[in-house]
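Student: How does the following fold in three dimensions:
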Amino acid sequence: MEIRAQGGTLVHSTKEALSARILGGEFALGSRLPSEARLCEEYGVSRTVVREAVASLRADGLVEPRRGAGVFVVRDSIDNGLAFTDVDFDRVSSVIEVLELRTAIEVESARIAAVRRSAVQIESIFEAASEVSRRVQAHETTSEADFAFHIAIAEATNNPRFAEVLRMLGAAAIPRKALQKGSGVRAPDSYLAFIDEEHRRIVDAILEQDAEAAASAMRLHLEGAQKRYRKLLHVR
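Tutor: Numbering: from 1, shown residues only. Here you go, the predicted structure:
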């Protein structure tokens, strides 16, 4: 079944096709998705498209990659009653509310991750940060990669509730994506490069197992985001 982009990108179309197969029961809870090569063949898309589609499914909490084993279905339904579905991206105050909540959660997440993270988890954090950097340099959309970066840190706390809350936030966790889609506002390259540098500081602190530096870097990142959103939307 060749995928064609309809009302979106190939990544979005591929993600929706895979999501439908998961939610429809073709890929049962706990089962492994077909290999990248098989999915590329089935949908007639590149490996990059498949990887980004799977990353988006992971951000939605439907699948989970396991090193050396493949990608597995970890949830086979979507709770439409989840909180945070009423975030209004047209109101800066609504976006700021989410960022304030994220600050309260993710500062502690970074602090704990710096102490508890395993070698595999720091590698996942580094890979996620590198993907954000790659997309910035390639002038590609960074929102999904950004979300994956924050999820990787939350998972490195080894307390599943941190990642669970972020996944509940969903698109609201990285409102830049919705702002770009809904309002046409595009984050300038300088803004994305600045975010990339902030991510690097967080990664360095977690790598060095410096809990206070990690917490401080995350706080600066998220509190700075509040100011940047006001500037992006010309709100004084």
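Student: could you give me the average pLDDT of the helix or strand harbouring L57?
Tutor: Here L57, judged by DSSP states H and E, is contained in helix 47-59. For helix 47-59, mean pLDDT rounds to 89.
Student: who's in contact with it?
Tutor: For helix 47-59, the surrounding residues in contact (C-beta atoms under 8 Å, 6 or more residues apart in numbering) are 10-12, 14-15, 18-19, 22, 33, 36-37, 39-40, 43, 63-65, 71, 144-145, 147-148, 151, 167, 170. Quick note: C-beta positions are derived from backbone N, CA and C, even for glycine.
Student: tell me the SS of the spatially most central residue of the chain?
Tutor: With distances taken as C-alpha atoms, centre = their mean, the residue of the chain nearest its centroid is F147 (1.8 Å). What DSSP: H, G, I helix; E, B strand; the rest coil gives for F147 is helix.
Student: all helices for the chain, in order.
Tutor: 10-23, 36-43, 47-59, 92-116, 119-137, 143-155, 160-169, 176-183, 189-207, 211-232 (DSSP state H).
Student: what about this protein, any weak spots by pLDDT?
Tutor: Within the chain, the ranges that satisfy pLDDT under 70 run 1-8, 76-90, 92, 171-172, 175-189, 230, 232-236.
Student: coming back round to it: whichever of the contacts of helix 47-59 end up buried, select them in PyMOL.
Tutor: Of the contacts of helix 47-59, the buried ones go into a single PyMOL selection, burial set by 16 or more other C-beta atoms under 10 Å:
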select buried, resi 10+11+12+14+15+18+19+22+33+36+39+40+43+63+71+144+145+147+148+151+167+170
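Student: I would like the residues contacting stretch 122-139, please.
Tutor: Contacts of stretch 122-139 from elsewhere in the structure, counted by C-beta under 8 Å, 6+ apart, are 113, 117, 140-142, 145-146, 148-149, 151-153, 155-156, 189, 192-193, 195-196, 199-200, 202-203, 206-207.
Student: Please convert the buried members of those into PyMOL selection syntax.
Tutor: In PyMOL, this line selects whichever of the contacts of stretch 122-139 come out buried by 16+ other C-beta under 10 Å:
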select buried, resi 113+117+141+142+145+146+148+149+151+152+153+155+156+192+195+196+199+200+202+203+206
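Student: Can you report how many residues neighbour A53?
Tutor: As a burial measure, A53 scores 26 neighbours (other C-beta atoms under 10 Å).
Student: Adjust the sequence numbering to begin at 24 for everything that follows.
Tutor: Okay, using 24 as the starting number, the last item reads as A76.
Student: Break the chain into its domains for me.
Tutor: 33-96, 115-255 (automatic domain parsing).
Student: ok, back up a step: how about the helix holding L80, which residues are buried there?
Tutor: For helix 70-82, burial by neighbour count (16+ other C-beta under 10 Å) applies to V72, V73, R74, E75, A76, V77, A78, S79, L80, R81, A82.
Student: what about the first one, distance to A82?
Tutor: It stands for V72. With distances taken as C-beta to C-beta, to the nearest Å, V72 is found 16 Å from A82.
Student: Please apply the same query to the third one.
Tutor: According to C-beta to C-beta, R74 and A82 sit 13 Å apart.
Student: Chain neighbours aside, what residue packs nearest to T126?
Tutor: L245 (4.3 Å; C-beta to C-beta, 6 or more residues apart in numbering).
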